[in-house]
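1. Next comes the sequence, and after it the predicted model I'd like to discuss.
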Protein chains: 2
Amino acid sequence: MRATLIYGAGDVRVEDVPDPQIQQPTDAVVRVLRSCICGSDLWPYGARPATENGERIGHEFLGVVEDIGSEVSGLKSGDLVVAPFVWADNTCDFCAEGLHTSCRHGGFWGADDVDGGQGEAVRVPQAQGTLVKLPVGEDSALLPSLLTLSDVFCTGHHCAVTAGVDPRTTVTVVGDGAVGLSAVLSARRLGAERIILMGRHQGRTALGRDFGATDVVAERGEEGVERVRELTGGDGTHTVLECVGTLPALETSFGVVRDGGAVSRVGAPQYPQGPIGFEVFMRNITLTGGVAPARAYIEELLPDVLDGSIEPGRVFDRTVGLDEVPDGYRAMADREALKVLIQP
Amino acid sequence: MRATLIYGAGDVRVEDVPDPQIQQPTDAVVRVLRSCICGSDLWPYGARPATENGERIGHEFLGVVEDIGSEVSGLKSGDLVVAPFVWADNTCDFCAEGLHTSCRHGGFWGADDVDGGQGEAVRVPQAQGTLVKLPVGEDSALLPSLLTLSDVFCTGHHCAVTAGVDPRTTVTVVGDGAVGLSAVLSARRLGAERIILMGRHQGRTALGRDFGATDVVAERGEEGVERVRELTGGDGTHTVLECVGTLPALETSFGVVRDGGAVSRVGAPQYPQGPIGFEVFMRNITLTGGVAPARAYIEELLPDVLDGSIEPGRVFDRTVGLDEVPDGYRAMADREALKVLIQP
């Protein structure tokens, strides 16, 4: 089959790879209907050292079950399913607590002989725990929104949930990428009435307003902090959803959070150390969030996608075929595209 | 009157200062019955640059109301009261949320013309909001335990509360100082059944066991982390109560916390940056805590002190008169004394 590999910064290729096959009785093989490119894929795309052998890449997909191992129950060939961006058994103590990203028998796509998601098919370990059936057909117009349950929308939701967003909390979302916009939508869904979106790309912030942002702050750094404080009587917001992952974004987040509030981060941190010294302490700021256990949220969020009350798939603004994936990376890296959908 | 001033590292003096008087109609004057030395007083005692003029010091006291301003209601001369270590109006929005340390009209003892607690008397700003009446007499044997409501026990309690300690959580307490021991007592009071105390001073850890610690780990650093992990099936504990304030203590805390768990810190951080990078993110660790809003907790904790079901005052292992305060500092800095009670 054809699948995407990354060889180094700026070097993504679509190549022939072995067809996936059942290896463990807990596996399934899924033919990919839709995949996509994640903001986090852009970190290696920007900085990965070049190597002779490529690595499989991609961790968001939905598709059709083609084969299942002997120990997989509850699934059959032909089922349409979505996979979270970390596979997990859904039975261990961490999974029972909703922390599937720390599953005792789980792991990541594209590593340790597991396929990446940006290909024609994927061998899915721990298939029974990992895959969630979707009650739609292959031609459903909902596929893009359903695909966001694999990562981006669940990541925004995790950010809002861990920050403690509710109808009584004011919210700042730092970052107008697909995760930031998903965080806006999630905060609105959880009842927040004041959502300040920090971002400067008008097309994106316009979608942010559609998703529920009540204010947009285009300024960055100190100026952006001042602006959010002006909008909130000098105090900042109860919750801050940090959806970028850089140190400046974290600094901005601490700057706009209200005393006693929470900064939740879901962008993979691009810093080993952060500014959590005396001021953050004296203001009783909580730093929370982390890699999102998407699997924990899919069943909860699915009905709202199915009935059309939310449309998280609007973050996709370009669709490519598998052979065009390298150009999809380029377009996202150049900020031509917000988020690229792949239709293999 | 006599009061304590700090002039520099290792230089604490007891001197004559003006008697406190009502300055604002919201003030009260309190004659101090008991005060004490805080672990946080040891930071300036260890490192404060020498200056010609001393600064008033001390922020924990209980005493008797001697005078009240015209706008103070609910208090009268002769009332025995305890003061939290940050004064506050107890009516603003932050106070209403239980974050009295961010009170819009509050402040700190010993700064901006406000007396310190280590003296014969104190002018108390925002007296109606700040002071809490204690239904005991001047000769009560409960005074030491009641004094801990001013700071150290409430600080341990804040650490446990913000970490989310409950009967289902396992707990590690980092540090066997008075705050650490208070955190042990607080965690036990909140129902925790497994409490691992990290500390190496046998007298202190013995009191920790009395307070509810089920295990004591004397090892530090990597070795200490390994030991806690061994005690917890490799996983660490759901909550970690960081009661020291140093970077090694924070690193240990991240090392012993279970994935998805919380590190709460209540020791003033002696670091501008901390290790909150990729690993903490991938493990969904929350960093919480901060300076404790003691005022928010006093009414809740008071009944347990009054009925003797908890004895947080056992952290005091030495009592000095006011003139002996400099030696009290020395004894605490030299770890001769755990926590020094002052009887002016």
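-> Okay, I see it.
2. how much space is there between A:C38 and chain B?
-> Using Cβ to the nearest Cβ, to the nearest Å, A:C38 is found at 15 Å from chain B. Bear in mind the C-beta positions are built from the backbone N, C-alpha and C, glycine included.
3. Phi first, then psi, for that residue.
-> phi -100, psi 150 (degrees, to the nearest 10).
4. Ok, A:T26 next?
-> On the backbone of A:T26 - angles per degrees, to the nearest 10 - the values are phi -90, psi 0.
5. now the strands: where do they sit in the stretch 51-200 of chain A?
-> With strands called from DSSP state E, counting those that start in this stretch, the stretch 51-200 of chain A shows them at A:55-56, A:61-68, A:80-83, A:86-87, A:107-108, A:121-124, A:132-133, A:171-174, A:195-198.
6. Check the average confidence over the first one, would you?
-> What that stands for is strand A:55-56. Regarding strand A:55-56, the rounded mean pLDDT is 96.
7. What I need now is the strands of the stretch 51-200 of chain A written out in CSV, including distance to A:P293 and mean neighbour count for each item.
-> Rendered in CSV, the data for the strands of the stretch 51-200 of chain A read as follows (distance: least, Cβ to Cβ, whole Å; neighbours: other Cβ atoms under 10 Å in any protein chain shown):
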stretch, distance to A:P293, mean neighbour count
strand A:55-56, 22, 18
strand A:61-68, 17, 22
strand A:80-83, 13, 24
strand A:86-87, 7, 24
strand A:107-108, 13, 14
strand A:121-124, 17, 26
strand A:132-133, 13, 18
strand A:171-174, 20, 33
strand A:195-198, 23, 29
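8. Which one of the ones you listed lies nearest to B:T239?
-> Using Cβ to Cβ as the measure, strand A:86-87 is the one of the strands of the stretch 51-200 of chain A that comes nearest B:T239, at 24.2 Å.
9. That closest one packs against which elements?
-> For strand A:86-87, the packing partners by 3 or more Cβ pairs under 8 Å, 6 or more residues apart in numbering or on different chains; DSSP states H and E come out as strand A:107-108.
10. Quick check: residues of the stretch 201-344 of chain A near chain B?
-> Counting by Cβ under 8 Å from any Cβ of the partner chain, the positions of the stretch 201-344 of chain A adjacent to chain B are A:259-260, A:265, A:268-269, A:271-278, A:280-291, A:293.
11. just the buried members of those residues?
-> Neighbour counting over these (16 or more other Cβ atoms under 10 Å in any protein chain shown) leaves A:259-260, A:265, A:268-269, A:271, A:274-276, A:280-291, A:293 as the buried ones.
12. Filter the residues of the stretch 201-344 of chain A next to chain B down to the ones in strands?
-> Among these, the subset assigned to strands under DSSP state E consists of A:259-260, A:265, A:286-289.
13. related to what we said a few turns ago, for A:L149, find the nearest of the strands of the stretch 51-200 of chain A.
-> Shortest separation from A:L149 across the strands of the stretch 51-200 of chain A is recorded for strand A:80-83, at 5.3 Å, computed as Cβ to Cβ.
14. so what strands line up beside the closest one?
-> Strand A:80-83 has these partner strands in its sheet, going by DSSP bridges: strand A:61-68 (antiparallel), strand A:132-133 (antiparallel).
15. Export those to CSV and append columns for mean pLDDT.
-> Conversion of the strands paired with strand A:80-83 to CSV gives the following (pLDDT from 0 to 100):
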stretch, mean pLDDT
strand A:61-68, 98
strand A:132-133, 98
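16. Take those strands and lay them out in a markdown table including distance to B:Y45.
-> Converted to a markdown table, the strands paired with strand A:80-83 look like this (distance: least, Cβ to Cβ, whole Å):
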| stretch | distance to B:Y45 |
| --- | --- |
| strand A:61-68 | 60 |
| strand A:132-133 | 59 |
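17. closest one to B:G106 among these?
-> If you check each of the strands paired with strand A:80-83 against B:G106 by Cβ to Cβ, strand A:132-133 wins as the nearest, at 50.0 Å.
18. Mind giving me the packing neighbours of the helix or strand harbouring A:R204?
-> A:R204 is part of helix A:202-211, with elements assigned from DSSP states H and E. Using 3+ Cβ pairs under 8 Å, 6+ apart as the contact criterion, the secondary-structure elements in contact with helix A:202-211 are helix A:178-189, strand A:195-198, strand A:215-217.
19. Pull the contacting residues for the residue nearest to A:G110 when sequence neighbours are not counted.
-> Nearest in space to A:G110, with sequence neighbours left out and distances taken as Cβ to Cβ, 6 or more residues apart in numbering or on different chains, is A:G116 at 3.6 Å. Taking Cβ atoms under 8 Å, 6 or more residues apart in numbering or on different chains as the criterion, A:G116 is in contact with A:3-5, A:55-59, A:109-110, A:122.
20. which of those residues count as buried?
-> Members of the contacts of A:G116 classed as buried by 16+ other Cβ under 10 Å are A:3-5, A:56-59, A:109-110, A:122.
21. out of these, who's nearest A:T214?
-> Checking the buried ones among the contacts of A:G116 against A:T214 with Cβ to Cβ, the nearest one is A:H59 at 32.3 Å.
22. Isn't the closest one up against A:C38?
-> Yes: counting by Cβ atoms under 8 Å, A:H59 sits close enough to A:C38 to count as a contact (6.6 Å).
23. overlap in contacts of those two?
-> Shared between the contact lists of A:H59 and A:C38 (criterion: Cβ under 8 Å, 6+ apart) are residues A:85, A:151.
24. Tell me how far the nearest residue to A:S77 once chain neighbours are set aside lies from A:K133.
-> Across the structure, with Cβ to Cβ, 6+ apart as the measure, the residue nearest A:S77 apart from its sequence neighbours is A:V65 (5.4 Å). Counting by Cβ to Cβ, to the nearest Å, the separation of A:V65 from A:K133 is 9 Å.
25. who touches both of these two?
-> Overlap between the contact sets of A:V65 and A:K133, as judged by Cβ under 8 Å, 6+ apart, is given by A:75, A:79-81.
26. one step back: TSV please, covering the contacts of A:G116 and showing distance to B:D317.
-> As requested, these are exported to TSV (distance: Cβ to Cβ, whole Å):
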residue	distance to B:D317
A:A3	67
A:T4	66
A:L5	65
A:E55	60
A:R56	62
A:I57	61
A:G58	61
A:H59	56
A:W109	57
A:G110	58
A:V122	63
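27. What residues of stretch A:152-167 count as buried?
-> Under the neighbour-count criterion of 16+ other Cβ under 10 Å, stretch A:152-167 has A:152-165 buried.
28. and the closest residue to A:V256 other than its chain neighbours, helix, strand or coil?
-> Nearest residue to A:V256 in three dimensions, chain neighbours excluded: A:V228, at 4.2 Å (Cβ to Cβ, 6+ apart). On the three-state scheme (DSSP: H, G, I helix; E, B strand; the rest coil), A:V228 is labelled helix.
29. I'd assumed A:P44 was in a strand, is it?
-> No: applying three-state DSSP, one finds A:P44 to be helix, outside a strand.
30. what's the spacing between it and A:Y7?
-> 10 Å.
31. Output the below-cut-off pLDDT ranges for the stretch 51-200 of chain A.
-> Applying pLDDT under 70 to the stretch 51-200 of chain A picks out no residues at all.
32. for chain B, what are the nearby residues on it?
-> The stretch 51-200 of chain A comes close to chain B at residues A:94, A:97, A:99, A:101-102, A:162, as judged by Cβ under 8 Å from any Cβ.
33. who's in contact with whichever residue of the stretch 101-250 of chain A sits closest to chain B?
-> The stretch 101-250 of chain A approaches chain B most closely through A:S102 (3.9 Å), counting by Cβ to the nearest Cβ. The neighbourhood of A:S102, defined by Cβ under 8 Å, 6+ apart, consists of A:94, A:293, B:259-260, B:283-284.
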